[in-house]
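Undergrad: here is the input, now give the coordinates:
(2 chains)
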Amino acid sequence: MSHVSVVDCEIRDLTALRAAAETLGAELLYGKRTFNMYGAPQPCVHAIALKGQPDAYEIGLRQKVAGDDSVFQFACDFYDGRLRAAFGENLEGLQNEYLAVVAEQELARGGYRVEREVVGQEIYVRAEL
Amino acid sequence: MKQITVIIGKGKARVETTGFVGSACKDATADLERAMGATTSSQTTPEFDVKEVRSISG
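TA: Numbering: from 1, shown residues only, chains lettered A, B, ... in the order given. Sure thing, here's the model as predicted:
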């Protein structure tokens, strides 16, 4: 092994996020300016909704820095339980799938042969050149 | 053979490289790490310090 790095997920690629959401039974709603939660809808710049569940709470995407579309943060309410069921505690399942999609894309772009494997609660993306 | 393994869990990714010589491993993963998010730690291994040796015959 040459080096080891640890990377915290940051949402930078909406196309990859859309693919991750689709895999988990949801859809990315570009430009939806509010997301559903307990009480009144809250502001966001995009939203993620569970397919076939129009009354379910949604995930709002907000710019990490106001006016800057390079990095987004999630905002949501776990009260009704369906978001946790679909995306895991603290949306870790969605973050994990997003990271896997981004890793696969970047490594393929670099000319690597890429394969994915699920091992327990972890996703392994392996690349060879 | 150059290999990169990304181990993903709990919203984080651990990136491991093998088969690279010297600092080439970091060059190989820089774009990947940036695309995934914020690198919070990075450690090199003894293999990182190996210099590539070229033989020149003349």
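Undergrad: can I get the CA coordinates of the host helix or strand of B:L32 in PDB?
TA: Element membership for B:L32, per DSSP states H and E: helix B:24-36. Below are the C-alpha coordinates for helix B:24-36, written out as PDB (Å, rounded to 0.1, in the frame of the first residue of the first chain):
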ATOM      1  CA  ALA B  24       2.400   8.800  -8.100                       C
ATOM      2  CA  CYS B  25      -0.300   7.300  -5.800                       C
ATOM      3  CA  LYS B  26      -1.300  10.700  -4.500                       C
ATOM      4  CA  ASP B  27      -1.400  12.100  -8.000                       C
ATOM      5  CA  ALA B  28      -3.600   9.100  -9.000                       C
ATOM      6  CA  THR B  29      -6.200   9.800  -6.400                       C
ATOM      7  CA  ALA B  30      -6.200  13.600  -6.100                       C
ATOM      8  CA  ASP B  31      -9.100  14.100  -8.500                       C
ATOM      9  CA  LEU B  32     -11.000  11.200  -7.000                       C
ATOM     10  CA  GLU B  33     -10.700  12.500  -3.500                       C
ATOM     11  CA  ARG B  34     -11.700  16.000  -4.500                       C
ATOM     12  CA  ALA B  35     -14.800  14.700  -6.400                       C
ATOM     13  CA  MET B  36     -16.000  12.700  -3.300                       C
END
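Undergrad: buried ones in that helix?
TA: Neighbour-count burial for helix B:24-36 flags B:C25, B:K26, B:A28, B:T29, B:L32, B:E33, B:A35, B:M36 (criterion: 16 or more other Cβ atoms under 10 Å in any protein chain shown). For glycine as for every other residue, the C-beta is placed from the backbone atoms N, C-alpha and C.
Undergrad: which regions of the chain lie under the pLDDT threshold?
TA: Picked chain A for this. Low-confidence regions of chain A, defined by pLDDT under 70, span residues A:1.
Undergrad: chain B, not that one
TA: Using pLDDT under 70, chain B drops low at B:47-58.
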